[in-house]
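Novice: coords please:
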Amino acid sequence: MKLGSGARRATAAVTATLTAAAAATALLAADPAHASAQHPSRAQQARAACALGKAGAVKHVIYIQFDNTHLRRDLPNVPSDLEQMPHLLNFMKSNGTLLSNDHTILISHTAGGILSSLTGVYPDRHGQTVSNSYVRYNGDGFDFKSSFGYWTDPVAPGIPNMVTADGTNPPAPWVPFTRSGCDVGEVATANTVLENTGTGATGDMTAVFGQGSPQWQEASDDAAVDPKVDAKTHAKPQADFVGFAVHCARSSDTCANGQTDALPEEPGGYTGFKGLFGAQEIDPLLTGQDASVPVTDLAGNPVTDPYGNPGFPGFDGMSAAVSLAYSAQMQEAGIPVTYAYISDAHDFHGTSGNAHDAFGPGSQGYVDQLKAYDEAFAAFFQRLRHDGITKQNTLFVFTVDEGDHFVGSAPNNPGCDGVTEPCDWTGNIGEINANIDTLMANQHPEITTKFTVHGDDAPTFYLSGNPGQDDPSTRAFERAASDLTAVNPYTNNTDTLMVRMAGHAEMRLLHMYTSGDPDRNATFAFFGDPNYFLTDYPSSTCETCINPAYAWNHGDIQPEIANTWLGFVGPGVRNLGQTGRVWTDHTDVRPTMLNLLRLRDDYAHDGRTITQVLDRTGATRSLQTHTRLLRRLGAAYKQLDAPFGSLGRASLAVSTRALASGTADDDSAYAQTQHQLRSWLESRNHLANQIGSMLENAEFYGQPLNVRRASTLTKQAWRLIARVERAAG
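Specialist: Presented below is the predicted three-dimensional model:
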């Protein structure tokens with residue numbers, strides 16, 4: 001998933017321009033009176049059945065998941081993405097809390113980031129330790145698999161794509177809602193909807209509709225149509241079945257004619273629940289007409305795929321106007337909990353995702369898309385107000401999967417601000433593609449081990465035959481990879497490509513290793529220079545060259561990638577405005593949401609409730625006891641356990657030195673460091689498990705902190721962190 005001139009300050013120009021545009025937002029929205037009147041009885045019944053939060057104060061939940069949308073500026077002169085969406089930015093700051101010191105997970109890509117936010121656990125517990133695709137060993141060969149598949153999809157016989165550390169399918173994130181009587185609408189949210197139209201053993205059509213069903217047969221028949229002869233028919237199954245879902249409460253009439261919502265490994269069982277999957281089943285619920293009539297987006301356009309098929313436009317076609325329209329219409333149709341994904345604005349996606357071109361910060365197309373996104377949010381908030389969906393009765397959550405590193409030299413007009421003067425990036429934009437096969441062969445001809453990489457600016461390496469961590473071939477390869485260089489086409493400088501490296505011991509510390517499917521674990525992870533995209537496919541590509549189609553790299557560890565943002569608005573949420581004083585990461589989203597909603601999962605989270613954003617109505621009684629100690633314990637927990645916490649950053653520096661060290665005759669420094677890393681891992685896990693259990697019991701089971709024990713664990717956590725930081729130097 002890849003204005004005229006003036007002397008006013010850029011931020012003022014953005015606000016003035018978009019505030020003026022917002023005056024006409026009523027023209028952008030579908031008629032809210034008509035929309036909300038379509039299913040008044042169903043909406044009223046849903047509100048009565050779904051009462052969440054303290055004393056049932058929360059009647060609606062609206063979760064918005066952005067892809068690659070920035071709070072921080074990519075160029076000092078150019079307002080950030082959120083600064084260019086003032087209706088959203090001001091909504092969060094004026095009505096709730098916008099946390100600017102949030103962090104992604106590793107590896108920091110769309111699938112892993114979204115899934116960790118949805119579940120509250122790190123990738124080692126949901127299986128997507130490398131995304132948006134990953135490699136599995138196949139004897140001496142390699143299979144490339146997609147991270148994106150419906151929640152229960154297998155990746156191989158008996159192996160779930162979404163896999164826990166014990167090899168089972170993780171609990172699904174919609175279950176606490178549906179068990180509480182709330183229908184849940186999913187708008188392109190990772191792995192909660194159908195992601196493909198595959199009819200094979202691991203395909204989504206097989207998993208949800210079943211082999212031989214009418215839907216499965218449509219997908220099978222249309223896939224056989226030659227797209228060169230009839231592209232519209234060939235593409236129709238994706239428009240009909242992918243991208244949208246409704247998971248219903250057991251008693252809900254919404255899914256009466258839907259499919260069995262099968263979760264065979266859900267803790268406590270999950271029988272009698274149904275779901276709707278795809279626009280073919282969901283659009284009629286929203287429009288009151290048959291599936292040939294498309295939903296209308298917030299800009300007044302029919303939602304279709306690039307060939308005109310009504311329904312899902314593709315994940316790159318999920319602009320703010322499309323995603324927010326579906327979210328609003330689901331709410332109006334009596335679905336009180338909605339999750340919606342919004343595609344990035346820094347790439348041009350053409351018509352419903354049929355194209356891909358990268359924009360530079362402040363380029364005209366980028367600014368225009370952000371303006372359209374802002375107008376969509378203005379229309380969305382206006383429409384919700386008309387429907388009576390407000391901050392008084394609705395929990396809003398806004399988040400983003402990861403940040404990006406922009407790859408380019410400088411605009412041809414360096415003083416541009418993007419709004420009063422668009423930035424001209426002609427000839428100066430594009431990631432640097434580097435072929436790792438060619439680089440390794442030219443710089444280290446002694447390395448003959450066959451390998452592949454999961455291409456990225458943070459590639460993971462897989463050596464043929466899956467040799468052990470201490471195997472001489474592994475160690476020779478790691479030493480060679482550590483000093484690879486490339487000539488930068490922008491600067492003509494010779495750059496060292498490696499920034500950090502992690503073997504299995506460090507990957508476990510960073511939650512990048514899954515015990516549930518060892519065949520998908522990389523030999524080692526390589527965090528590189530963020531200007532470079534390192535790949536071995538195709539083998540004929542240049543050694544290094546600029547690829548202008550892509551200019552935004554992520555997956556890596558740099559602050560512009562790792563640091564993200566998170567917003568809460570609604571009952572129980574304090575109005576702190578924007579703050580960077582609280583350190584959070586993706587796993588904290590889920591427990592904070594559920595605590596506000598007075599729900600709980602059937603498992604312990606890796607994250608913790610962000611108590612700083614809760615007011616006295618939002619915090620349970622146990623969270624109002626020993627508040628300061630609870631926050632100190634939570635802060636220590638994050639720095640101890642989070643991939644971008646203090647211990648993770650320090651141990652990665654230690655790991656890097658070890659993997660680059662030694663010779664074939666003397667590898668003692670490496671061996672000593674691996675022992676040290678394993679010792680830290682054991683100590684970290686022991687402490688994290690105790691702290692996590694204490695926090696979970698306080699947050700969801702009403703157990704106040706044991707003061708002495710909490711103080712002791714906090715001190716022990718910081719002592720271990722300090723010990724690792726000293727070793728890192």
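
Novice: what strand or helix carries the spatially most central residue of the chain?
Specialist: Nearest to the geometric centre of the chain sits Ile114, at 2.6 Å (C-alpha atoms, centre = their mean). Using DSSP states H and E, Ile114 sits within helix 110-119.

Novice: centre of the chain versus that helix, how much separation?
Specialist: On the basis of C-alpha atoms, centre = their mean, to the nearest Å, helix 110-119 sits 4 Å off its chain's mean C-alpha point.

Novice: alpha carbons only: can I get it in CSV?
Specialist: The C-alpha coordinates for helix 110-119 follow below in CSV (Å, rounded to 0.1, in the frame of the first residue of the first chain):
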residue,chain,number,x,y,z
THR,A,110,0.7,-0.7,7.0
ALA,A,111,-0.4,-4.2,7.9
GLY,A,112,1.6,-4.6,11.1
GLY,A,113,0.8,-1.1,12.3
ILE,A,114,-2.9,-1.3,11.8
LEU,A,115,-3.2,-4.8,13.2
SER,A,116,-1.3,-3.8,16.4
SER,A,117,-3.6,-0.9,16.8
LEU,A,118,-6.7,-3.1,16.3
THR,A,119,-5.6,-5.8,18.7
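
Novice: ok, the residue nearest to the centre of the chain - contacts?
Specialist: 65, 189-190, 341, 401 (C-beta atoms under 8 Å, 6 or more residues apart in numbering). The way it works is simple: take the backbone N, C-alpha and C, and place the C-beta from them, glycine included.

Novice: so which of the residues you listed sit within strands?
Specialist: 65, 341 (DSSP state E).

Novice: out of the contacts of Ile114, what pair is the most spread apart?
Specialist: Maximum pairwise distance among those (C-beta to C-beta): 11.1 Å, between Thr189 and Asp401.

Novice: Met162 and Glu195 touch, don't they?
Specialist: No - taking contacts as C-beta atoms under 8 Å, Met162 lies outside contact range of Glu195: 11.4 Å.

Novice: what sits in contact with each of these two?
Specialist: Residues touching both Met162 and Glu195 (C-beta under 8 Å, 6+ apart) are Gly149.

Novice: low-confidence bits of the protein, can you list those?
Specialist: For the chain, residues meeting the criterion pLDDT under 70 lie at 1-48, 539-540.

Novice: elements contacting the longest helix that the chain contains?
Specialist: Criterion DSSP state H: the longest helix present in the chain is helix 668-700. Secondary-structure packing of helix 668-700 (3 or more C-beta pairs under 8 Å, 6 or more residues apart in numbering; DSSP states H and E): helix 504-509, helix 589-597, helix 627-641, helix 646-660, helix 707-728.

Novice: now the angle from it to helix 627-641?
Specialist: Here the directions of helix 668-700 and helix 627-641 differ by 150 degrees (axes from the mean of the first three to the mean of the last three C-alpha atoms, to 10 degrees).

Novice: in helix 668-700, what's buried?
Specialist: By neighbour count with 16 or more other C-beta atoms under 10 Å, helix 668-700 contains the buried residues 670, 673-674, 676-677, 680, 683-684, 687-688, 690-692, 694-700.

Novice: burial measure for the closest residue to Leu534 other than its chain neighbours, as a count.
Specialist: Spatially, and ignoring its direct neighbours in sequence, Leu534 is nearest to Pro459 (4.6 Å; C-beta to C-beta, 6 or more residues apart in numbering). Other residues within reach of Pro459 by the criterion other C-beta atoms under 10 Å amount to 29.

Novice: so Pro459 makes contact with Asp437?
Specialist: No - using C-beta under 8 Å, Pro459 is not in contact with Asp437; the gap is 11.9 Å.

Novice: doesn't Pro176 lie inside a helix?
Specialist: Yes - per DSSP: H, G, I helix; E, B strand; the rest coil, Pro176 lies within a helix segment.

Novice: neighbours of it, how many?
Specialist: Pro176: 20 surrounding residues under other C-beta under 10 Å.

Novice: mind listing what it touches?
Specialist: Counting by C-beta under 8 Å, 6+ apart, Pro176 makes contact with 594, 599-601.

Novice: buried only: go through those residues for me.
Specialist: 594, 599, 601.

Novice: closest to Gln211 out of those residues?
Specialist: Closest to Gln211, out of all of the buried ones among the contacts of Pro176 and judged by C-beta to C-beta, is Asp601, at 31.9 Å.

Novice: now name the helix or strand holding that closest one.
Specialist: Per DSSP H and E, there is no helix or strand for Asp601.

Novice: doesn't Leu118 make contact with it?
Specialist: No - using C-beta under 8 Å, Asp601 is not in contact with Leu118, being 11.0 Å away.

Novice: quick one on the thing from earlier: pull out the buried members of the contacts of Ile114.
Specialist: Buried members of those, counted by 16+ other C-beta under 10 Å: 65, 189-190, 341, 401.

Novice: dump those residues to JSON lines, plus distance to Thr663.
Specialist: Below are the buried ones among the contacts of Ile114 laid out as JSON lines (distance: C-beta to C-beta, whole Å):
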{"residue": "Gln65", "distance to Thr663": "48"}
{"residue": "Thr189", "distance to Thr663": "49"}
{"residue": "Ala190", "distance to Thr663": "44"}
{"residue": "Tyr341", "distance to Thr663": "49"}
{"residue": "Asp401", "distance to Thr663": "41"}
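
Novice: of all the residues you listed, which comes closest to Thr587?
Specialist: Among the buried ones among the contacts of Ile114, and counting by C-beta to C-beta, the member closest to Thr587 is Asp401, at 13.1 Å.
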